[in-house]
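J.: here's my sequence, what's the structure:
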Amino acid sequence: MKISQRARNVAPFYAMEFSKQAAALEAEGHHVVKLSLGEPDFGAPPAVREAMREAMDGRPLAYTAALGLPALREAIARFYRERHHVEVDPSRVVVTAGASAALVLATAALVDAGDEVLIGDPSYPCNRQIVESFGADVTLVPTTAETRFQLDAAAVREHWTDRTSGVMVATPSNPTGTSVPVDELDAICRFARERGAWRLVDEIYLDLSDHDEHGRPPRSALSVDPDAIVINSFSKYFGMTGWRLGWCIAPKELVPAMERLAQNYFLCASAPAQQAALECFTPASLAVCEERRAEFGERRALVLDGLRRIGLPVPVPPDGAFYVYFDVGGTGLTSWQFCERALREAHVALTPGRDFGTDTADTHVRLSYAASADELREGMERLGRFVTTLR
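T.: Below is the predicted model of the structure:
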């Protein structure tokens, strides 16, 4: 059987590979502390779970419109108005089968073969894999701790060419958990917009960001660039990873193209998941999610303190998401070797930097603190003992 060149070119998602190895160890009876995947341990808010049970009571579940339930699109637009103080017309909201499907639709609508797209290094691997699968050439722009491992306007200017058609930013970022300062994001978007290029901003972790000193939530990219394409998800803030539900806010002129693509690629997102997701935006569910965000902050402090005591540097402490990107260069191991041995010898699952780019591929490791506090304490103890054996 002939396998397409596209499929042959796609690299493995190493976080999933290490999770498979962790599952094999668990099947042998070992307790593995799983800090490799960004999957909150809370699950959906209680009212959302109850709404799903009601939706699955045996009633017919027909397709929804390709762009999503009108009521859900309106609820998402209202969330942006009330939480982030930006006006979004519900007609610009595209509900998708997870944020990954939103990225597929947006990329299919924007990218032609031979286009160049700028993405920061390190960054979430699936973003660039999807862009490349539509024929674009991804330029991974090196970043440093000084820029919080994020793109800045200077780097975008430096790497811009006549072929550049768009720039993709994730804030907060996976794997680093760091955000782009709003002024810098404004400068990036303005530079690209002036050159007729699209701006796609991954805000999947936006609502897990720290609030400012006045208690105000983080600002969406839409507050500085109303025509940016913004992608978000129910997976992280709302804890609904397996529900596969996300959304995209697109400029009005892009929505018809995305609708046609959605009709052909997916038909629609899950009908019962959409119906249940309406309960995400009630005051009670949002209060639950805010309590969980605060708990993630406590877990982050636990992990940062543990890594400090172990002697594993964190060049840039995160301010959002639930990831810590730490440096293993001083251990004498590459990140891959560190993760392999940590899993085999300490039964702690982590993700090597190879997943996220080239510049930090061998020196940095991603840890997800989406696990429970008890698991994180156990993981820190095990990692501490493991690192001691390397010295």
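J.: how about the strands in the stretch 51-200 of the chain?
T.: Taking DSSP state E, counting those that start in this stretch as the test, the strands found in the stretch 51-200 of the chain are 93-96, 116-121, 137-142, 164-170, 198-202.
J.: can you point out the buried residues in the third one?
T.: What it means is strand 137-142. Residues 138-142 are the ones in strand 137-142 that count as buried (16 or more other Cβ atoms under 10 Å). For the C-beta atoms, the positions are set from N, CA and C on the backbone; glycine is no exception.
J.: which residues are contacting that strand?
T.: 114-121, 123, 128, 131-132, 151, 155-156, 159, 163-164, 357-359 (Cβ atoms under 8 Å, 6 or more residues apart in numbering).
J.: the residues you listed, buried ones only, as a PyMOL selection?
T.: Filtering the contacts of strand 137-142 down to the buried ones (16+ other Cβ under 10 Å) takes a single PyMOL command:
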select buried, resi 115+116+117+118+119+120+121+123+128+131+132+151+155+156+159+164+357+359
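J.: nearest spatial neighbour of His30, skipping sequence neighbours?
T.: His347 (5.3 Å; Cβ to Cβ, 6 or more residues apart in numbering).
J.: per-residue confidence at the one you found?
T.: We have a pLDDT of 96 for His347.
J.: how much space is there between Ser209 and Pro217?
T.: Taking Cβ to Cβ, to the nearest Å as the measure, Ser209 falls 7 Å from Pro217.
J.: which one's more surrounded, the two?
T.: Ser209 (22 against 16; other Cβ atoms under 10 Å).
J.: excluding sequence neighbours, find me the nearest residue to that one.
T.: Gly320 is the one closest to Ser209 (Cβ to Cβ, 6+ apart), at 3.5 Å.
J.: kindly report the same for Met16.
T.: Leu37 (7.8 Å).
J.: quick check, that neighbour in contact with Ser19.
T.: Yes - with contacts counted by Cβ atoms under 8 Å, Leu37 reaches Ser19, the gap being 5.7 Å.
J.: show me what the helix or strand containing Ala22 is packed up against.
T.: Assessed by DSSP states H and E, Ala22 sits inside helix 14-27. With contacts taken as 3 or more Cβ pairs under 8 Å, 6 or more residues apart in numbering; DSSP states H and E, helix 14-27 sits against strand 348-349, strand 351-352.
J.: please repeat the previous calculation with a cut-off of 10 Å.
T.: Helix 14-27 is packed against strand 33-34, helix 335-341, strand 348-349, strand 351-352, strand 364-368, with contacts defined by 3 or more Cβ pairs under 10 Å, 6 or more residues apart in numbering; DSSP states H and E.
J.: the last one vs helix 14-27, what angle?
T.: Per axes from the mean of the first three to the mean of the last three Cα atoms, to 10 degrees, the angle that strand 364-368 makes with helix 14-27 is 60 degrees.
J.: all numbers from here: first residue = 542
T.: Got it, first residue is 542 now, which makes that one strand 905-909.
J.: continuing past strand 905-909, what's the next helix or strand?
T.: Remark: after strand 905-909, the chain's next helix or strand is helix 914-930, criterion DSSP H and E.
J.: gap between that next one and the chain center?
T.: Its chain's C-alpha centre and that of helix 914-930 lie 25 Å apart, by Cα atoms, centre = their mean, to the nearest Å.
J.: stretch 680-692 now?
T.: 17 Å.
J.: can you check stretch 704-712 too?
T.: 16 Å.
J.: in it, what counts as buried?
T.: 705-712.
J.: which intervals of the stretch 742-891 of the chain have sub-threshold pLDDT?
T.: Residue ranges of the stretch 742-891 of the chain with pLDDT under 70: none are present.
J.: need the strands for it, in chain order.
T.: Going by DSSP E, counting those that start in this stretch, the stretch 742-891 of the chain shows strands at 770-774, 787-790, 864-868, 889-890.
J.: name the residues that touch the last one?
T.: Surrounding strand 889-890, the residues in contact under the criterion Cβ atoms under 10 Å, 6 or more residues apart in numbering are 556, 559-564, 566-567, 573-578, 880, 882-884, 908-909, 912, 916, 919-924, 927.
J.: could I have the buried ones of those residues as PyMOL selection syntax?
T.: Buried subset of the contacts of strand 889-890, written as a PyMOL selection, criterion 16+ other Cβ under 10 Å:
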select buried, resi 556+559+560+562+563+573+574+575+576+577+578+880+882+883+884+908+909+912+916+919+920+921+923+924+927
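J.: quick revisit: what do Ser750 and Pro758 both touch?
T.: Going by Cβ under 10 Å, 6+ apart, residues that sit against Ser750 and also against Pro758 are Arg834.
J.: turn the helices and strands packed on helix 555-568 into JSON lines, including distance to Ala650.
T.: Formatted as JSON lines, those follow (distance: least, Cβ to Cβ, whole Å):
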{"stretch": "strand 574-575", "distance to Ala650": "36"}
{"stretch": "helix 876-882", "distance to Ala650": "35"}
{"stretch": "strand 889-890", "distance to Ala650": "36"}
{"stretch": "strand 892-893", "distance to Ala650": "30"}
{"stretch": "strand 905-909", "distance to Ala650": "30"}
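J.: nearest to Arg841, out of those?
T.: Taking Cβ to Cβ, strand 905-909 is the member of the helices and strands packed on helix 555-568 nearest to Arg841, at 10.2 Å.
J.: I'd like to check the angle between the closest one and helix 914-930, please.
T.: Using the same axes, to 10 degrees, strand 905-909 lies at 160 degrees relative to helix 914-930.
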